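> Got a sequence here, can you build the structure:
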Amino acid sequence: MEEINYVKMAAYLGAAFAIGVGAIGPALGQGAVASKALENMGKYPEMADKIRTTMFIGLALIETLAIYAFIISLLLILFT
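So this is what the prediction gives:
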């Protein structure tokens, strides 16, 4: 019978928690940014190009948070 490895179990739970919580925040942030950008594009169609550019920069910065959470979860899984 194998011994229960509590460190690996804690690492897997920590990885699941990191990616779960780390995905909720960026998802909500991206939804809010896209919503406001589209709302403003509708109000000010002449500014659509500038709004779109700013929106994509903001979305890229928000997405890095999800990537960081993914990297942390991979590190927890691979190096324990």
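> so what's the residue nearest the centre of the chain closest to, chain neighbours aside?
Closest to where the C-alpha atoms of the chain average out (Cα atoms, centre = their mean) is A66, at 2.5 Å. Sequence neighbours aside, P26 is the residue nearest to A66 in space, at 4.2 Å (criterion: Cβ to Cβ, 6 or more residues apart in numbering). (Glycine included, C-beta is placed from N, CA and C.)
> surely that neighbour meets E63?
Yes. In this structure P26 lies within contact range of E63 using Cβ atoms under 8 Å: 6.3 Å.
> quick one, which of these two is more surrounded?
Comparing P26 with E63 by other Cβ atoms under 10 Å, the one with more neighbours is P26, at 19 against 13.
> and the host helix or strand of the more buried one, average pLDDT?
Per DSSP states H and E: P26 is located in helix 6-43. For helix 6-43, mean pLDDT rounds to 92.
> What residues sit buried inside that helix?
Neighbour counts over helix 6-43 (16 or more other Cβ atoms under 10 Å) mark A11, A15, A18, I19, G22, P26, G29, Q30, V33, A37, N40, M41 as buried.
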